[in-house]
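Engineer: My questions concern the predicted model and sequence given below.
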Amino acid sequence: MSQNDGGSHHPETSSSQNVAGMVAKELVSLSITNSHPPQRHQDDLFSQPPPPPPPPVITNNEGVIAFDITEKFRKATGTLQPGELVKDGFFTLFESVGALEIMDPKMDSGCLAPGESLDEDYDVARPLLPVEVLGIIDQLLSLEMAWHMGYPLSQTLLTNVYIERMLNPEPENLTDADFIRGRKNQEERDPMHAVLRAYCLGLVKTCWYVNERIKFEHYYEEEDFVTNTYHRSLLENIDQEEIVDEIMGVRKMVHGLRHHITDEMAQALGFRLEFRTAFLRVIELAELRSNPDSMSLPWSQMLAVWEAIDKSRPLGTPVPESFSTKIQRRLASTMPPRPIVKLSADETYEHFKKLIKDGLTVLDVLKYEDPQSLLNFVMTFQAQKPQPMVYIRTLLQSFLFKDMVILGRLSIRRILDDDLCLIVLPSSRHLDPTNDLVEAPHHPHYAIAHQMELFRQRAAQSYLDIFRAFCQNRCRIRRTLLHSIQDWEMVQMDAEEIDGLLQHQIEEKPLIIHEDIPDAQPSYYIPLASWAYLYKLRLMEWRVQLGFELEIYAADELAGMYWYLSSLSRSRVRLIERIKFFVNHRYADYQANRPNNLSVSTTSSEAQFAKTKSWLRQAGHEAAATAEFADALSHLYTVLLREKLIVPPPRPYGNPELRHQVRMKGLDTIGLPEFPSVEEFQAGAEQAHIPSPKLLEKAIAALARVKRRFTELGEMGQEKVFTFNCHDRWKEENRNVVKSVIAANVLISTLKERVEDEEKGTRGMKVGIENPAERHHDWWALPVFTSKELE
């Protein structure tokens, strides 16, 4: 409140100024230049016994005189009211927090324990035994894997004293890259030092390549990987071939020492050096994106060598003193000190083995057959448990998208046209390559080529984003899919406009789809819009299903979300049936007008129609089975809610409308399929007009059809279900879905018996929800029944 013109002051303002004056007076006396501190008064605000004498001041400057200001500080702060703050205007928040961190061992990397030195005391020049070199290398392997798993270099490889001395100061050439600097040319390097140096050279160079590959691709540092090198150059200026030559030379030297260090030890060291050269070779060949068979050779070599390394682990002796968190003090980081990440030998073995196997598997993506097989490859590869590591996922991105050349040899147009041809436009004038040869602006072929090119430009990025999204971690996939759904809504609208323009150019006639319906109106095919709508529906389904996998939904929401999944799948079934109708009609026209001679173009057209029919058949089977399985689980959870076996938690600040709004956020702007209101959502999930026994009967009947459909799909070959290069993974997923169907049937039958038993009922039953690790398939969450009768 401001003062009045008469100069009078409010009592509160005067009192506050007096307190501030007292504080300022007391703080002045705290100056270190005041050599005569006042005596402690008897009426001190803090009537406590005298404190112990202060610790001796450690200083080498004789001109500094230190005083204990504890009592003065207490007296000054004692005049402040609770909550009152005295702060210099130039003392920033950063400095305030920094002051709080000082001498806190959890926050201050420079905080030293009594008798502790600032830097590590380890002598890198000391002689090393072969078993010690082996032990250090195995420790480095564990730290390397921890880095691949997402831990920063400051907690992993940069805690090694040998690597730190090699990288700091930055080496200018291969000779400088040594943990013992300033060697005389004629001075011989100790053989074990040479082995460790060669291994570290290969390791650091590999890390640089991996780091650069990950930074170049799409990833999320806060979720996946830490690319920070803390101003340490990872030998980026030293040529890879020089390092490989150095490692090979040391391998020959180790082979010559086998009589001195035993054959077993020489082999163990040689395997580890070979592992480094193989890894560098893998990275080199990955840039080519061609000939996956030759690219697989170094991966296979790594796998064989890794098994040999694992068998020789017991030979090594760890040297824990060669690793130190004190090195973190010299790194360019604002992070507080963190402990070294330690993986067990078994964990290191399993993670490296999976990394190598995934590296071998990911090469199969280069064997292109058709876009749907490519999509199935990416989805099944990324759905593995545990998910492939970040480096492998970025390799997959590189193979798919680098330089906007798909798989190293295909144009984006080729992929898009293949997909359109496979799903909606077999042997179509839309995709006829001769359209591009016509230059007359008024010619129909020119107009078709122009409009199709506009559509490709609009849809290309959205199409590629589907593949890119599935290269991320599972949580990020689900978040990304929401943006993709909204984008595909716009693609569908643009496609409808282009379809309308093309109808005139190709002289399309509308058809009556359902002739048995009175007053049915004829419809145009709109193939481009149908294609976009199909992908939008698939994205919406995948997003809902990932919600089950990631345990996004509460137990009392499962009935509603499975009903919503069923609704989306049924929309996809109807769309596929519509596409199938027009494709069959076009095929009938083609059959009626095809030439008698079997030319190359005729054979190609027949093959295109056959592939499209095959794809639509399996897609319709899968969509119908998904819809009915989701219906069955929705009925199951609805009955569990009715029987109070699943009880919604209290939500004092929420209501169904708000929860529906939050759960469906971002989808309410979608035109098709029609967004369900909260009333429609509740009515669909609750099925209030159907008794519980009848609802469970419907679920059991649906599961029988689901099992039959998925079994039929599983018996189809890879050419029928479009799973080239990933058929084994796809079949395993399909088998897991069938297992879920069988388990759901048992649960529903058990519940039906208890519900129909008027005497026993569902008393004594308890229900839980499977966590993803216990499920047969991540997308189908089943309840778990426990009771005395069922145990």
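Structural biologist: Perfect, I can see it now.
Engineer: what residue is smack in the middle of the chain?
Structural biologist: The geometric centre of the chain, computed from its C-alpha atoms, lies nearest to residue 473 (Cα atoms, centre = their mean), at 1.6 Å.
Engineer: measure that one to residue 159 for me?
Structural biologist: For residue 473, the distance to residue 159 equals 26 Å [Cβ to Cβ, to the nearest Å]. For every residue, glycine as well, the C-beta is placed using N, CA and C.
Engineer: Residue 685 too?
Structural biologist: According to Cβ to Cβ, residue 685 stands 54 Å off from residue 159.
Engineer: Residue 172 is in contact with residue 236, isn't it?
Structural biologist: No: if you go by Cβ atoms under 8 Å, residue 172 and residue 236 don't touch, sitting 11.8 Å apart.
Engineer: how close does the residue nearest to the centre of the chain get to residue 465?
Structural biologist: Using Cβ to Cβ, residue 473 is found at 16 Å from residue 465.
Engineer: what does residue 676 give?
Structural biologist: 26 Å.
Engineer: likewise residue 267?
Structural biologist: Counting by Cβ to Cβ, the gap from residue 267 to residue 465 is 49 Å.
Engineer: same thing with residue 95?
Structural biologist: As judged by Cβ to Cβ, residue 95 and residue 465 stand 45 Å apart.
Engineer: would you say residue 785 is within a helix?
Structural biologist: No: judged by DSSP: H, G, I helix; E, B strand; the rest coil, residue 785 forms no part of a helix; its state is strand.
Engineer: mind listing what residue 695 touches?
Structural biologist: Contacts for residue 695 (Cβ atoms under 8 Å, 6 or more residues apart in numbering) come out as 635, 638, 639, 687.
Engineer: so how many other residues sit close to the second one?
Structural biologist: It refers to residue 638. Residues lying near residue 638 (other Cβ atoms under 10 Å) number 26.
Engineer: got it, and the first one?
Structural biologist: Counted with other Cβ under 10 Å, residues neighbouring residue 635 total 27.
Engineer: which ones are touching it?
Structural biologist: Residue 635 neighbours (Cβ under 8 Å, 6+ apart): 687, 695, 696, 698, 699, 748.
Engineer: Dump the residues you listed to TSV, plus pLDDT, distance to residue 253 and secondary structure.
Structural biologist: Converted to TSV, these look like this (pLDDT from 0 to 100; distance: Cβ to Cβ, whole Å; DSSP: H, G, I helix; E, B strand; the rest coil):
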residue	pLDDT	distance to residue 253	secondary structure
687	93	77	coil
695	96	76	helix
696	97	74	helix
698	97	75	helix
699	97	71	helix
748	97	69	helix
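Engineer: Any of these buried? List them.
Structural biologist: Buried members of the contacts of residue 635, counted by 16 or more other Cβ atoms under 10 Å: 687, 695, 696, 698, 699, 748.
Engineer: Is it possible to get CSV of those that adds distance to residue 587?
Structural biologist: Output for these, formatted as CSV (distance: Cβ to Cβ, whole Å):
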residue, distance to residue 587
687, 40
695, 41
696, 42
698, 36
699, 38
748, 41
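Engineer: Quickly list the domain ranges of this structure.
Structural biologist: Taking automatic domain parsing as the reference, the chain has its domains at 11-86, 130-364.
Engineer: hey, which of those is tucked in deepest?
Structural biologist: domain 130-364 (a mean of 18; mean count of other Cβ atoms under 10 Å).
Engineer: now that domain: mean pLDDT?
Structural biologist: Domain 130-364 shows a mean pLDDT of 94.
Engineer: I'd like the distance from that domain to the chain centre, please.
Structural biologist: Centroid separation for domain 130-364 versus its chain: 25 Å, with Cα atoms, centre = their mean, to the nearest Å.
Engineer: Span of it from start to end?
Structural biologist: Terminal residues of domain 130-364 lie 40 Å apart, using Cα to Cα, to the nearest Å.
Engineer: The domains of the chain: which one's closest to residue 526?
Structural biologist: domain 130-364 (32.6 Å; Cβ to Cβ).
Engineer: Show me which helix runs longest in the protein.
Structural biologist: When the chain is parsed with DSSP state H, its longest helix is helix 600-642.
Engineer: C-terminal to that one, which secondary structure element comes first?
Structural biologist: On the C-terminal side of helix 600-642, the nearest following helix or strand under DSSP states H and E is helix 656-663.
Engineer: The helix or strand following that next one to helix 600-642, inter-axis angle?
Structural biologist: The helix or strand immediately downstream of helix 656-663 is helix 678-686, counting by DSSP H and E. Counting by axes from the mean of the first three to the mean of the last three Cα atoms, to 10 degrees, helix 678-686 points 80 degrees away from the direction of helix 600-642.
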